[in-house]
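>>> Return atomic coordinates for the entry below.
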Amino acid sequence: MINRRRKIIIIQLTIFLVASLLLYNTYRDKNKKIVEISKIEPENDTNTNSFNDIEYSGFDLNGNRYILKAGVADFKNENPEKVSMKKIIANFYLKDGTILNVISDEGFYDNKTLDMEFKKNVKATYLTNTLFSDKLIYSNTNSTMLASGNVRGEDIEKGEFFADKVKYNLIEKTLNFSMVGKKKVNMKIKK
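Residues are numbered from 1 along each chain as shown. Now for the predicted structure:
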């Protein structure tokens with residue numbers, strides 16, 4: 001019986017010592033301060049200024065009001081009038097009371113000439129018309145809009161078309177469709 005008691009005491013002492021050692025190792029560095037030195041690098045080029053949630057508004061040369069919004073915009077210090085943008089929404093309030101909306105993933109805005117370029121997943125809506133393309137250039141100086149790259153247009157009442165390029169003259173309000181090479185413009189007109 002004494003042997004059994006001795007074994008139990010030895011086991012209890014062993015468990016106590018192991019538990020004490022674990023607790024000591026766990027909490028021994030609690031009061032030490034850890035100092036980490038990290039070098040902070042600037043996120044962007046020092047020659048570039050970046051802004052979030054930016055808005056430009058004004059009037060084009062034809063007297064139409066516009067509002068251009070971007071989630072992210074940046075420009076180089078040596079060329080501040082050329083603004084690169086992402087997540088773009090543009091609204092053109094035309095003099096006849098109609099609104100043209102343009103949405104794209106990326107683009108550029110020239111705040112001197114007021115020219116705009118929309119790229120990647122471009123969607124333009126005007127009245128019952130919707131135009132999709134890879135690129136849309138709004139030239140304020142030439143009073144034109146040029147859509148290019150996988151151009152597809154839809155009209156709820158008139159049908160749809162497919163073309164390589166579509167040029168819209170803002171003054172004459174005319175559309176010019178074109179295809180590269182010998183391909184033909186494809187139009188499906190509803191009757």
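
>>> for this structure, what are the low-confidence residue spans?
1, 29-46, 180-191 (pLDDT under 70).

>>> mind listing the helices for it?
2-27 (DSSP state H).

>>> Alpha carbons of the longest strand seen in it, in PDB - could you do that?
In the chain, taking DSSP state E as the definition, the longest strand is strand 79-93. Below are the C-alpha coordinates for strand 79-93, written out as PDB (Å, rounded to 0.1, in the frame of the first residue of the first chain):
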ATOM      1  CA  ASN A  79       0.900  66.000 -67.400                       C
ATOM      2  CA  PRO A  80      -2.000  66.800 -65.000                       C
ATOM      3  CA  GLU A  81      -4.600  67.500 -67.600                       C
ATOM      4  CA  LYS A  82      -4.600  63.700 -68.700                       C
ATOM      5  CA  VAL A  83      -6.600  61.900 -65.900                       C
ATOM      6  CA  SER A  84      -6.600  58.100 -65.800                       C
ATOM      7  CA  MET A  85      -9.800  56.700 -64.200                       C
ATOM      8  CA  LYS A  86     -11.400  53.500 -63.100                       C
ATOM      9  CA  LYS A  87     -15.100  52.600 -62.400                       C
ATOM     10  CA  ILE A  88     -16.500  55.400 -64.500                       C
ATOM     11  CA  ILE A  89     -20.000  56.700 -64.800                       C
ATOM     12  CA  ALA A  90     -20.700  59.600 -67.200                       C
ATOM     13  CA  ASN A  91     -24.000  61.400 -67.700                       C
ATOM     14  CA  PHE A  92     -24.500  63.800 -70.600                       C
ATOM     15  CA  TYR A  93     -27.500  66.100 -70.300                       C
END
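
>>> so what strands line up beside that strand?
When pairing is defined by DSSP bridges, strand 79-93 lines up against strand 65-76 (antiparallel), strand 99-110 (antiparallel).
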